[in-house]
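Turn this into a structure:
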Amino acid sequence: MVTIFLLRTMPRLGLLVLMGIAAIAAVFSPAVAAKPKPPAIELSENGERLEQRYAEMLSSLQAELAAEIPAINAKARAAFEAARAAEREAADAVVSAEKKLGEAAAAKGLIGHAKNHWIPKAERGIAKAEADLRAAKTPAQRKAAEAELAKWKDNRQAGLEALAERQAAFDEASQDEPARKQQVEQARAALEKAGSRLVAALEGLDLDRLLDSDRLDPRLAKLVVLREATPRGLAAFAQESDTHARLVDRLLSDGPLLVEMVVADGAVDGHYGRAMEIYEAILAANPRAKEAVLGRLALAIALEHATPIKQQNPKAVSDAPTTIDPLARYRHFERAYLAGELDPSFADRSTWELRFVVNGDEPDETLAWGREMLRNYRPDHITTKDDRWRYVAIVRTDVRYGSQENKNDKDELQFFQNILTNGGVCGRRAFFGRFILRAFGVPTIARPQRGHAALAHATQDGWVVCLGAGWGSGFTKTRYGDDLNFLADAQARGLGARFMRVERARWIGDVAGEPRVYGFGGKTRPDFWNTVALIERDRLVQQAGTKILDAVGEELGEANESTVRYPFESPTVTEADRAIRVDQTGVITIPAAATSSPTKSTGKILFLDSVLGGKQLHYSRTGGDEDFSYSVEVPQGGRYALSLRLVSPGQKQRIRLTVNESKTPIDIELPHTVGLWETTQPVTVTLEKGENTLEFSRQGVPQEVEVKGLSIKDLTLTPHSP
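Model prediction:
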């Protein structure tokens, strides 16, 4: 039932989301509800004939389905109406009681405002006006100061009076607080009872046979497609060629495909003709596109790219495609999946979930870069067992908060590469988080809240909000609007075939001409069948005991460094990982993990399993100042060229090398590798025969921009020619 899902979340979300339920409309209205605005496309004579054909198809199908859907017993419907009205009244009572209970907290806040802002500000104004009055040298200056002094004195008096009133209101509210808490508890109990009666009334409608049967599914899905596409929209596509007309015919005759499409929320903007064109093109060009998840991937891309997605190219690239190529996007993810580069959960994702993977505006080569960058730079973010932070932890560790370096964005770099390099405030960080999740095949959405950008993404335990407040604090840019509506749908979809009860109620609502409504708290109140769908959805979730995951990284929403201590899964560094090698020409290779200090991971220095084999050393951008050093046995003293193989996502970075405690250290310029492996330009060092110490530090090193992280694979010492 509608209230059960919300009651599970009340302690955290409050009750203001409870808006009750609207009065019942007729189960089936005689006319179809208002259709989407038809495309502004002129139809040819053939196009007009096609539009008439599709319109007749829709009208006939609607009448046919309305006749086959069993009538609702009048007595049972009246009981359901009464139960809905009672639940709405109970919900309003809860909101009212919560509001009364919150008056004490509101009054306390107003007291604080008067004490800490209003009155002190007035007193500062009085002090300034008195100082101006003492310093006045002309009658005009004195008059102005006197007027200002009078204004601020009046303001202080008003503040004192407001403080007294607010204190009295707080005292009264505090005195009544026990009774108000009891009223809230009673109202909640009444709401729960009303919800139980509503569920019983729903069961009295005897809808199980209808909602559990798939007999009408193909025709219901066809009606949904005709309504969403509109006869005119389909005609506009079909009139372009005989090929297009045949595509529409094949689509409308393929019941299983229609069902799969509408369960996945249909084609963007109702462009089903274009979706069918993309889908068949993918299947024709890619032999494996019908296999398991690849078939769902193909359909997700077809539906999501039915309206072309503008591609976000580097500013300096003028000849790149302006929109994402759907076929290329399919091939990109197919290759990545078959190569084992995507998250293990990818294989089990539904078509609906995959839409939130394939809908990015980044070029395919940027997706490939994102995976390679993370494998090189922070492989631990890929292998972590905590899938709430898998991949997206790169935002926490390496995308600095602040916009002061955004001016250093390079035109030749893609948008997300610039974010990794120069950071950003909440928007850019959330954008990057969603990008890196998509790159690894993890469904993700924007989850904005008031004054802040955050994201949400799928995990094995459900959807989680990252870099913002928890569920109930924001909205989504999906058809579901409110974030709780999206979450409830995602949770219900995770229950498999049982979710079809929800979809069938929605589709029958389409037959009845009802507007689609995805929650009870919006401006549009759901009519009968949409109410049934929402109650079914929330009841399924409640019966399954599905939990709402707490948000992660909320403390990082507008902070550069976390106050939370996140665990680090440190691998074991073996002697083989630390073995220094000297080849026949005297070239010395020092693994980055062969440090003499520190010898294990710290807050600043981490030893990671490397994609290149063995280990690598990661020097974090945060965690304070810490040096690392190596003791190396040199078989022959003399001058050597030293270079480091590393990944450096930041630009304009330096690190300091001190050899054998020399008083003239060397500052090494680090290349801006944008997350790929490169080798530094060699610097010359003089080493003694026997043991030598190489110490690296960033303390006291002049940097043009804020320090960023880097990962080092190894150091090479090449002897100079005699």
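
going forward, measure contacts and count neighbours with C-alpha atoms only.
Noted.

which sections of the stretch 601-722 of the chain are below the confidence cut-off?
722 (pLDDT under 70).

residue boundaries of the strands in it?
605-609, 615-619, 628-634, 638-647, 653-659, 666-670, 678-679, 683-687, 690-697, 710-719 (DSSP state E, counting those that start in this stretch).

Put together CSV for those, with mean neighbour count and distance to Gly472 on each row.
CSV is the format used below for the strands of the stretch 601-722 of the chain (neighbours: other C-alpha atoms under 10 Å; distance: least, C-alpha to C-alpha, whole Å):
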stretch, mean neighbour count, distance to Gly472
strand 605-609, 23, 37
strand 615-619, 25, 37
strand 628-634, 19, 45
strand 638-647, 20, 39
strand 653-659, 20, 41
strand 666-670, 18, 45
strand 678-679, 18, 45
strand 683-687, 18, 56
strand 690-697, 17, 45
strand 710-719, 22, 38
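
what would the ones you listed look like in a markdown table with distance to Asn418?
Listed next are these as a markdown table, based on distance: least, C-alpha to C-alpha, whole Å:
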| stretch | distance to Asn418 |
| --- | --- |
| strand 605-609 | 25 |
| strand 615-619 | 20 |
| strand 628-634 | 29 |
| strand 638-647 | 15 |
| strand 653-659 | 15 |
| strand 666-670 | 17 |
| strand 678-679 | 18 |
| strand 683-687 | 29 |
| strand 690-697 | 26 |
| strand 710-719 | 16 |
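
among those strands, which is nearest Leu374?
Comparison of the strands of the stretch 601-722 of the chain against Leu374 by C-alpha to C-alpha identifies strand 638-647 as nearest, at 10.1 Å.

and the closest one, what does it pack onto?
strand 678-679, strand 683-687, strand 710-719 (3 or more C-alpha pairs under 8 Å, 6 or more residues apart in numbering; DSSP states H and E).

What strands line up against that strand, and which way round?
Using DSSP bridges, strand 638-647 pairs in its sheet with strand 678-679 (antiparallel), strand 683-687 (antiparallel), strand 710-719 (antiparallel).

now the angle from it to strand 666-670?
Going by axes from the mean of the first three to the mean of the last three C-alpha atoms, to 10 degrees, strand 638-647 is angled at 30 degrees with respect to strand 666-670.

Could I have the CA atoms of strand 638-647 written out in PDB?
In PDB, the C-alpha atoms belonging to strand 638-647 read as follows (Å, rounded to 0.1, in the frame of the first residue of the first chain):
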ATOM      1  CA  GLY A 638      79.200   7.600 -11.200                       C
ATOM      2  CA  ARG A 639      76.600   9.700 -13.000                       C
ATOM      3  CA  TYR A 640      73.200   8.100 -13.700                       C
ATOM      4  CA  ALA A 641      70.100   9.300 -15.600                       C
ATOM      5  CA  LEU A 642      67.100   8.800 -13.300                       C
ATOM      6  CA  SER A 643      63.500   8.600 -14.600                       C
ATOM      7  CA  LEU A 644      60.200   7.500 -13.100                       C
ATOM      8  CA  ARG A 645      57.400   5.600 -14.800                       C
ATOM      9  CA  LEU A 646      54.200   7.000 -13.500                       C
ATOM     10  CA  VAL A 647      50.600   8.100 -13.900                       C
END
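
got a list of contacts for that strand?
For strand 638-647, the surrounding residues in contact (C-alpha atoms under 8 Å, 6 or more residues apart in numbering) are 376-377, 673-689, 710-720.

rerun at 6 Å
377, 673, 675-680, 682-687, 710-720 (C-alpha atoms under 6 Å, 6 or more residues apart in numbering).

Asp171: neighbour count?
Neighbourhood size, Asp171 [other C-alpha atoms under 10 Å]: 15.

from here on, count from 488
Sure, I'll start numbering at 488, so the last one becomes Asp658.

pretty sure it is in a helix, no?
Yes: under DSSP: H, G, I helix; E, B strand; the rest coil, Asp658 falls within a helix.

Can you read off the pLDDT for it?
Confidence at Asp658, expressed as pLDDT, is 86.

and what of Gly507?
Gly507 carries a pLDDT score of 31 in this model.

cool, and Leu503?
28.

same thing with Asp873?
Value for Asp873, per-residue pLDDT: 95.

Under a three-state scheme, what state does it occupy?
Criterion first, three-state DSSP; result for Asp873: coil.

about what we covered before: just send the helices and strands packed on strand 1125-1134 back as a markdown table, with distance to Gln1030 too.
What follows is these, written out as a markdown table (distance: least, C-alpha to C-alpha, whole Å):
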| stretch | distance to Gln1030 |
| --- | --- |
| strand 1165-1166 | 54 |
| strand 1170-1174 | 67 |
| strand 1197-1206 | 48 |
